[in-house]
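Asks: What follows is a predicted structure for the sequence shown.
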Number of protein chains: 2
Amino acid sequence: MLHFHDNKVQEEIVDMKGAEGVTIRWLLADAQGATNFFMRRFDVSSGGRTPMHRHDYEHEVYVLSGRGRVWNAHESRWEELSQGDVVFVPPGEEHSFEASEDSSIVFLCIIPAGPASQKNR
Amino acid sequence: MLHFHDNKVQEEIVDMKGAEGVTIRWLLADAQGATNFFMRRFDVSSGGRTPMHRHDYEHEVYVLSGRGRVWNAHESRWEELSQGDVVFVPPGEEHSFEASEDSSIVFLCIIPAGPASQKNR
């Protein structure tokens, strides 16, 4: 069994084109022995965002704290996010996560292991 | 995209032998379109526990709130849990999650999709 606090994990700046004020912590991935799916923590500072993008794997998201919004491509609208919100982004669907202008947002995002997620590192 | 608050999901009592004061919410599973891994929320009331048990699939756990402890079979000891703690239980390793005597504990637990997780429902 592996057990640690998420703050012990090195925070990395997300330098993907279009990302602003976003950091990632790889909490559980191949280095920790995970083989099927990887758990990451994202922190987006107030006014920041992940780029509007799509890829061929899904996201399972849980909002830990703060406030922001997510782009619902299917409904062509932004939806407000706060603690306890769950988001499922199916493979191939365009999406972006934004923090509020006056609040950061922190969320977990779980993705499948494998080549797709390796590209994302 | 699917988006909802976790409190909207029906809470079910975990009636597994040895479980005490445990409820589960299946946040993302086959019914929500997830195909690779499933996200569940567990609430364990103060003094409650999940049974000491093992199975052939892993757990990826994130503690959302409260306090408790987890059995580390590899080290033969209990380890204290609180908000922000991450736990990886590899396949086949014995484990149990307990709430404190004076606090409940709430955590996410992600498991692979498929026959193993179906048995668990």
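Replies: Yep, that arrived. Remember, it's a predicted structure, so these values are computed and weren't measured experimentally. Numbers count the residues shown, from 1 in each chain, chains lettered A, B, ... in the order given.

Asks: next helix or strand past the one helix or strand residue A:71 maps to?
Replies: Here residue A:71 is covered by strand A:59-72, with elements defined by DSSP states H and E. Moving toward the C-terminus from strand A:59-72, the next helix or strand (DSSP H and E) is strand A:77-82.

Asks: For the strand holding residue A:71, list every residue counted as buried.
Replies: Under the neighbour-count criterion of 16 or more other C-beta atoms under 10 Å in any protein chain shown, strand A:59-72 has A:59-64, A:66-72 buried. For the C-beta atoms, the positions are set from N, CA and C on the backbone; glycine is no exception.

Asks: so what does it touch, helix or strand wise?
Replies: Here strand A:59-72 touches strand A:37-49, strand A:77-82, strand A:85-89, strand A:97-99, strand A:105-112, strand B:37-49, going by 3 or more C-beta pairs under 8 Å, 6 or more residues apart in numbering or on different chains; DSSP states H and E.

Asks: Partner strands of it and their direction?
Replies: strand A:77-82 (antiparallel), strand A:85-89 (antiparallel), strand A:97-99 (antiparallel), strand A:105-112 (antiparallel) (DSSP bridges).

Asks: which of those strands is buried the deepest?
Replies: Most buried of those by mean neighbour count (mean count of other C-beta atoms under 10 Å in any protein chain shown) is strand A:97-99; its value is a mean of 24.

Asks: List of residues touching that one?
Replies: With contact meaning C-beta atoms under 8 Å, 6 or more residues apart in numbering or on different chains, strand A:97-99 is reached by A:21, A:42, A:44-50, A:61, A:66-71, A:78, A:81, A:105, A:107.

Asks: Pull the contacting residues for the closest residue to residue A:93 other than its chain neighbours.
Replies: Of all residues not flanking residue A:93 in the chain, residue A:73 sits nearest, at 5.3 Å (C-beta to C-beta, 6 or more residues apart in numbering or on different chains). Under the criterion of C-beta under 8 Å, 6+ apart, the neighbours of residue A:73 are A:93, A:94, A:95, B:1.

Asks: and what of residue A:65?
Replies: A:83, A:105, A:106.

Asks: How about residue A:30?
Replies: Counting by C-beta under 8 Å, 6+ apart, residue A:30 has contacts A:38, A:113.

Asks: how close does residue A:96 sit to residue A:59?
Replies: In this view, residue A:96 and residue A:59 are 11 Å apart by C-beta to C-beta, to the nearest Å.

Asks: likewise residue A:90?
Replies: Distance from residue A:90 to residue A:59, by C-beta to C-beta: 9 Å.

Asks: What of residue A:49?
Replies: According to C-beta to C-beta, residue A:49 stands 15 Å off from residue A:59.

Asks: go on, residue A:109?
Replies: In terms of C-beta to C-beta, residue A:109 sits 5 Å off from residue A:59.

Asks: Is there any residue in stretch A:31-44 that contacts chain B?
Replies: Yes: Stretch A:31-44 reaches chain B (C-beta under 8 Å from any C-beta of the partner chain) through A:32, A:33, A:34, A:35, A:36, A:37, A:39.
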